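S.K.: Any chance you could fold what I've pasted below:
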Amino acid sequence: MGGAHSREDLELSDSDEDSYSPNHSDGEASYQDAEEEHKHSADRRSSTPSSLDDVEARLKALKLKYSSSQNPNVKNAVKLYLFVGGTTPKAKWVTSEKLTTYSFVRTSRVDDGDGGIDEDEGDEEENSWWALKVGSKIRVKVDTEMQLKTFGDQRRADFVARGVWAMKFFSEEDYKAFVVQFDNCLFENTYSVEATEESKLKIYGKDFIGWAKPEAADDSMWEDAEDSFFKSPGSATPTPTRANQDLMEEFEEAANSGIQSLALGALDNSFLVGDSGIQVVKNFAHGIHGKGTFVNFGSGYKGNGTCLVNATPKKTLLMKAETNMLLMSPVDAGKPHSTNLHQLDIETGKMVTEWKFGKDGVDITMRDIVNDSKGAQLDPSGSTFLGLDDNRLCRWDMRDRHGVVQDLASSNTPVLNWTQGHQFSRGTNFQCFATTGDGSIVVGSLDGKIRLYSINTMRQAKTAFPGLGSPIKHLDVTFDGKWVVGTTDTYLILICTLFTDKDGKTKTGFSGRMGNRIAAPRLLKLTPLDSHLAGTNNKFRNAQFSWVTESGRQERHIVATVGKFSVIWNFQQVKDGSHECYRNQQGLKSCYCYKIVLREDSIVDSRFMHDKFSVTDSPEAPLVIATPMKVSSLSISSRR
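M.R.: Model prediction:
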């Protein structure tokens, strides 16, 4: 466990003779010039040149050495470094090329993975894209998977391409030119149009031009939100900074069966949904702990539709003061769509019934379900919930149209009542959604758009934020609706929904059209090194705010899962525009300050317990981390 790896943030040395000893507690990394060491050893073996060819070779080497510390007269010249050693004590940066060049080329060919590079400049095929080439060692498609991180004060850019690389530029102008070129190529690869002002206006719209030009965006709403954080009733004590926070593991225990999902409760119990059943665990102020109760799917309800014995639920929903749980399983493996769901009575441990999704006498599918609002699972009389499909947004009711609970005895598979919603005629490609404390709805789409719907209508969004090109895989929203965090494969996008209307009142984009004073989003990313160390399964999943269901209280952290990493951001720190991460950055502000909790196995889910379980010496309720066979609870505490 710990923060972002400081090894990647160390300054690269321009001097071939210098080695960099980091002023950090880990003391693991030092920058060395491996090639220089190799040359010196070769010189010692042969002090006298054996031929004119040797003399010429040594003169060229000397010329390269001394010109590398100045601005060489070579177009697109850079010094290339490679990070080696991974997480071992010998991890360090080594010089790969003292002087090489980069270029952006169009190609339609995929790198073969063994270092072979084709000479494919000028490839103008219709399905071609921009790639970055560095010398003869690197050719990589320009996209967000490169996890490019720039250091303006060091004239440096780090990225992932079958390894972690750093390019050091010889002048400020060269560095800035690269960043502009990269951004233009990324835009064109993402949207398939040239990165012109007209194209950006068409893609983002005039109200969101700040997303394309963050330097021109109105950040006042972020600043106002920072002030209000400390004034809210639930935040009398300011959030501790990263420097004085620590993670302390309380305990870890094995699960009864393979864990597939985590359903946290705000009352007495939480639930681990596995391959063969559900394990009930007890909620404590220091985390969750097993009670031994286990509901086996094999002995549960078997209706005419999908049997839970053969289909592990991929989505669960607590209802009726957490005495009931809805479980939804996909029809086909690898796809999220479901035609029905099962209802479990937690108190008796039995499946009550199997429900079908239907409208106008026709069976339909759903890909996601959520509670009516952030605190709806605590309502003992709740009978409705929300459903989402590719082009549908609706509310389902387990009562019939006359408000009477359906007679389950007379129907093996009763049909849920569609009480409110809309089927969109054109492809909205909805992927995920979430609700605020008052029941407003935020929906994420395949094209990256994020739509805000008020509590009054599901037909037309009040606000539609443009996408940045990556599909939104998961969404969460704060209880007050002021902040939305969207999960993509390679970054999290944090959006402020606040705006000032024509009467000078501050509102959210759920209740009105935001106009043109819209703040630019901020991105939460892994450093290239951490992204690489996360392994092949290095995609973000399920970013969540800490869990608040009380007006006036403020979420304090954001947590997401990446492979074996549970990654935690300080929410207040992300909102702070003067934070050190944002210095010398160009484009959208990206925050790299986080804590990592590492597990031996891929993490199923990471979520904070309800705010009521926070204790006096901790600013946050415990964090629960589930892997397929283990579950652990940790506390974020203030070090004295």
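
S.K.: Let me know the secondary structure of Phe187.
M.R.: In terms of secondary structure, Phe187 is helix; the call rests on DSSP: H, G, I helix; E, B strand; the rest coil.

S.K.: how many neighbours does it have?
M.R.: Summarising burial for Phe187: neighbours were counted as other CB atoms under 10 Å, giving 22. The C-beta positions use only the backbone N, C-alpha and C, and glycine is treated the same way.

S.K.: Tell me the confidence at it?
M.R.: Reported pLDDT at Phe187 in the predicted model: 94.

S.K.: what does the one 3 residues further on give?
M.R.: In this model, Thr190 is scored at 94, pLDDT.

S.K.: was I right about it contacting Gly469?
M.R.: Yes - in terms of CB atoms under 8 Å, Thr190 counts as a neighbour of Gly469; the distance is 3.5 Å.

S.K.: any weak-confidence spans in the stretch 101-250 of the chain?
M.R.: Judged by pLDDT under 70, the stretch 101-250 of the chain has its weakly predicted residues at 110-126, 218, 224-250.

S.K.: could you redo the last one with a cut-off of 50?
M.R.: Along the stretch 101-250 of the chain, the parts satisfying pLDDT under 50 run over 112-120, 227-244.

S.K.: Would you map the helices across it?
M.R.: Listed in chain order, the helices found in the stretch 101-250 of the chain under DSSP state H, counting those that start in this stretch are 172-191, 197-204, 209-212, 220-231.

S.K.: tell me the SS of Val273?
M.R.: Val273 falls in the strand class when you classify it by three-state DSSP.

S.K.: Please name the nearest non-neighbouring residue to it.
M.R.: Spatially, and ignoring its direct neighbours in sequence, Val273 is nearest to Ser261 (4.5 Å; CB to CB, 6 or more residues apart in numbering).

S.K.: just how off-centre is stretch 373-381 within its chain?
M.R.: Between the centre of stretch 373-381 and the centre of its host chain there is 27 Å, according to CA atoms, centre = their mean, to the nearest Å.

S.K.: quick one: contacts of that stretch?
M.R.: Outside stretch 373-381, the residues that touch it by CB atoms under 8 Å, 6 or more residues apart in numbering are 265-267, 317-323, 371, 382, 385, 435-439, 479, 548-549.

S.K.: what's the distance between Gln420 and Thr435?
M.R.: Gln420 sits at a distance of 14 Å from Thr435 (criterion: CB to CB, to the nearest Å).

S.K.: neighbour count winner among these two?
M.R.: For Gln420 and Thr435, the more surrounded residue by other CB under 10 Å is Thr435, and the numbers stand at 25 against 14.

S.K.: Please report the number of neighbouring residues for the residue nearest to that one when sequence neighbours are not counted.
M.R.: Here the nearest residue to Thr435 in space, its sequence neighbours aside, is Ser373; by CB to CB, 6+ apart that works out to 5.1 Å. Per other CB under 10 Å, the neighbour tally for Ser373 reads 21.

S.K.: go on, the one 3 residues further on?
M.R.: By other CB under 10 Å, 21 other residues sit near Ala376.

S.K.: winner for burial among the helices of the stretch 101-250 of the chain?
M.R.: When neighbours are counted by mean count of other CB atoms under 10 Å, the highest per-stretch mean among the helices of the stretch 101-250 of the chain falls to helix 209-212, a mean of 21.

S.K.: Show me how far that helix is from its chain's centre.
M.R.: Between the mean C-alpha point of helix 209-212 and the mean C-alpha point of its chain there is a distance of 21 Å (CA atoms, centre = their mean).

S.K.: Can you point out the helix or strand that includes the residue nearest to Thr435?
M.R.: Under DSSP states H and E, no helix or strand contains Ser373.

S.K.: middle-most residue in the protein, spatially?
M.R.: Nearest to the geometric centre of the chain sits Leu492, at 3.6 Å (CA atoms, centre = their mean).

S.K.: The closest residue to it other than its chain neighbours pairs with what?
M.R.: Nearest in space to Leu492, with sequence neighbours left out and distances taken as CB to CB, 6+ apart, is Leu524 at 3.9 Å. With beta bridges defined as DSSP bridges, Leu524 has these partners: Leu492, Cys591.

S.K.: Leu524 - how many residues pack around it?
M.R.: Leu524 has 23 neighbours, counted by other CB under 10 Å.

S.K.: before we move on, what about the one 5 residues further on?
M.R.: Residue crowding around Leu529 was assessed by other CB under 10 Å; the count is 24.

S.K.: next one: Val280
M.R.: Residue neighbour count, defined by other CB under 10 Å, stands at 20 for Val280.

S.K.: just Asp275 next, same as before
M.R.: When counting by other CB under 10 Å, one arrives at 11 neighbours for Asp275.

S.K.: try Asn127
M.R.: 7.

S.K.: Asn570 now?
M.R.: Asn570 has 24 neighbouring residues, counting by other CB under 10 Å.

S.K.: Perfect, I'm done here.
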